[in-house]
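>>> pasting the sequence and the predicted coordinates here, then a few questions.
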Amino acid sequence: MRLFYQKSIYLTIYPRMPPPPEPARPEAHIGAAVAYSPTTHPTTMPPDRLSLRLGQLPHDVLAELAARLCSDSPALQAAAEECMAAHTPLPHWAVDRVLISADLVPHLLGPLEAEDGAAAAVCTQWLAGWKATNEPRRQLKPVPLDFPEELVTDDMKMAGTPDGRLVVSTRLKVHILDRSMRVLQTVAGEYGHGSIAASDDFSIFPCPRASSLCRSTYDGTTVAEYRLKGYLFAYPVLAPGGLLFCVIYERGDAIIGVEDRDEIIALDAQTLQLRHRFGLGLLNGARGLAVGGDELYVCEIGNHRLQVFSLTGEHRRSITGEWRSPESLCFAKDRLYLVERDPEMEDHEEDEDGESVAPAFPLQGRRILVLSLQGDILQVVTHPTEPTAKFQSICCFDCKLLARYRYSTFDNAGDTISGRGYGMLALRGL
């Protein structure tokens, strides 16, 4: 941190001046540094003798050697920083007039990335400065992800756990991955449609064949099950207080959301006992659910909006915006991340002459919308390299947003669609 202080002071006070030139070093000194480098003399020397010999080196050569060794070891670099802070503390004017200056702190912290969040813990002034400059850092940006390609399929579903496991399921298997995307465990079973939920007590909540909602362990054992005669289940999501929410719809419906008959149920996440049931008459095509704070957000395809309920089922408000048919939703740090339904899955609107009407939002299905809790669009993200990519589902995991997408493949001529492929896009900046 001290090294960052010094760089910050220099760049703030001398923004247009080049860095001071390195002092010239006689070749004899350079040779001496090489002669006593660890690479040429791997044998260990007694500390007292080594200290005496190092003390005979010229100051600039010794400084170069120390810097070289510290650059190769984070532990040595931290020790060097601590030592410099103890022996050569920054002058008070540098701290008061630069590092904690109300005018300069935003300039010091503004260029930092989200990964440099430890800077906010330095002092109260830096915490305030970090918050004041944090908005630009919260822009979603693609990052590499070594996700197993064979797991990305059309029926794949994802759920992250607070303790760092990613549960990936298809209709007949579930895979448990760690943060490095290494598969820890694979279990066969019936995991159904819609989405899944997962908790950090090794529980998975699938909807097998949409006919029930289950709590299963990682070895596939069903611990609890909830059924409701005449109803199907989809899109479970966990909430604070041991609650599990899920969409239910009447079994006779051809699709979810006919005549506003969709509902939400709240169950005890351990026993799957019914707590309450709500939303009847308010939901036309309920889809993905997301919990944020003490509220439940529900995607409603039929009316192109989000419905917001309290965790006890009280309807609080509706959110509309510049989007259509919201289908998948995530919540993270006071923001909503939304994916729309693929327009190919919808009936095309026609004008009075029977001609198809151009879609209101040409990027529908090809974009991820970052929304405020009021529904304002803060950012629009499309796939950086695949123009035909259509996002199908999203999941927050390990401080990243994971987005599964489908893309078109073409014949050799490149002008006819020959098939479909599937991929995973990882975005940081939540």
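Yes, it's here. Since the structure is predicted, the reported quantities are computational estimates derived from the model, not experimental observations.

>>> and the helices in this protein?
All helices of the chain, identified by DSSP state H, fall at 2-13, 27-35, 47-55, 59-71, 74-87, 92-94, 105-109, 124-132.

>>> got the buried residues for the shortest one?
Read that as helix 92-94. A94 (16 or more other CB atoms under 10 Å). C-beta: built from backbone N, CA, C; applies to glycine.

>>> packing partners of that helix?
The contact analysis (3 or more CB pairs under 8 Å, 6 or more residues apart in numbering; DSSP states H and E) places helix 92-94 against no helix or strand.

>>> tell me the mean pLDDT over it?
On average, the pLDDT along helix 92-94 is 84.

>>> cool, the last one as well?
Helix 124-132 shows a mean pLDDT of 89.

>>> with the first one instead?
On average, the pLDDT along helix 2-13 is 47.

>>> going forward can the numbers begin at 13, since that is how I track them
Done: numbering now begins at 13, and the last item shifts to helix 14-25.

>>> picking up where we left off before, deepest in the core, which of the helices of the chain is it.
Of all these, helix 117-121 carries the top mean neighbour count, a mean of 20, counting by mean count of other CB atoms under 10 Å.

>>> I'd like the distance from it to the chain centre, please.
Taking the mean of its C-alpha atoms, helix 117-121 sits 25 Å from the chain's own mean (CA atoms, centre = their mean, to the nearest Å).

>>> and what of stretch 178-190?
18 Å.

>>> what residues does it touch?
160, 163, 165, 167-173, 176-177, 191, 193, 195-205, 208, 210, 216, 218, 230, 232, 407, 409-410, 414 (CB atoms under 8 Å, 6 or more residues apart in numbering).

>>> go with 6 Å
The contact list for stretch 178-190 (CB atoms under 6 Å, 6 or more residues apart in numbering) reads 163, 165, 167-172, 177, 195-200, 203, 208, 210, 216, 409.

>>> among the helices of the chain, which is nearest R328?
Nearest of those to R328, taken as CB to CB: helix 136-144 at 27.0 Å.

>>> I'd like to know which elements the closest one is packed against.
helix 117-121 (3 or more CB pairs under 6 Å, 6 or more residues apart in numbering; DSSP states H and E).

>>> before we move on, the earlier item: of the contacts of stretch 178-190, just the buried ones, ChimeraX syntax please.
Selection of buried members from the contacts of stretch 178-190 for ChimeraX, criterion 16+ other CB under 10 Å:
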select :163,168,169,170,171,172,177,199,203,208,210,216,409
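
>>> what number of residues lie near the closest residue to V235 other than its chain neighbours?
Counting by CB to CB, 6 or more residues apart in numbering, V235 lies nearest to R227, which is 4.9 Å off, once chain neighbours are set aside. R227 has 25 neighbours, counted by other CB atoms under 10 Å.

>>> burial of the residue nearest to I276 when sequence neighbours are not counted, as a residue count?
Nearest residue to I276 in three dimensions, chain neighbours excluded: G291, at 4.5 Å (CB to CB, 6+ apart). When neighbours are defined as other CB under 10 Å, G291 has 22 of them.

>>> and for the one 3 residues further on?
Each residue near L294 was counted by other CB under 10 Å, and the total is 18.

>>> next, give phi and psi for it.
The phi/psi pair for L294 (degrees, to the nearest 10) reads phi -110, psi -10.

>>> circling back to that earlier point, for the residue nearest to V235, what are its contacts?
215, 217, 235-236, 284.

>>> repeat for R177
Contacts of R177 (CB under 6 Å, 6+ apart): I188.

>>> next one: it, what pLDDT does it get?
The model's pLDDT for R177 equals 95.

>>> list phi and psi for it.
Torsion angles, degrees, to the nearest 10, at R177: phi -110, psi 140.

>>> what's the distance between it and L250?
14 Å (CB to CB, to the nearest Å).

>>> low pLDDT regions in the stretch 163-312 of the chain?
Confidence mapping of the stretch 163-312 of the chain against pLDDT under 70 gives the ranges 204-206, 264-272.

>>> repeat that for 80
183, 201-206, 263-272 (pLDDT under 80).

>>> strands of that one, start to end?
169-172, 178-181, 185-189, 195-200, 209-210, 215-217, 225-229, 234-238, 243-251, 255-262, 275-280, 286-290, 298-304, 307-312 (DSSP state E, counting those that start in this stretch).

>>> got the angle for the last one vs strand 275-280?
By that I understand strand 307-312. Strand 307-312 runs at 140 degrees relative to strand 275-280, counting by axes from the mean of the first three to the mean of the last three CA atoms, to 10 degrees.

>>> strand 307-312 packs against which elements?
Packed against strand 307-312 by the contact rule (3+ CB pairs under 6 Å, 6+ apart) you find strand 298-304, strand 317-322, strand 338-344.

>>> show me what the second one packs onto, helices and strands only.
Looking back up the chat, that one is strand 317-322. Checking 3+ CB pairs under 6 Å, 6+ apart, strand 317-322 ends up next to strand 307-312, strand 327-331.

>>> ok, 10 Å please
In terms of contacts (3 or more CB pairs under 10 Å, 6 or more residues apart in numbering; DSSP states H and E), strand 317-322 is packed against strand 275-280, strand 298-304, strand 307-312, strand 327-331, strand 338-344.
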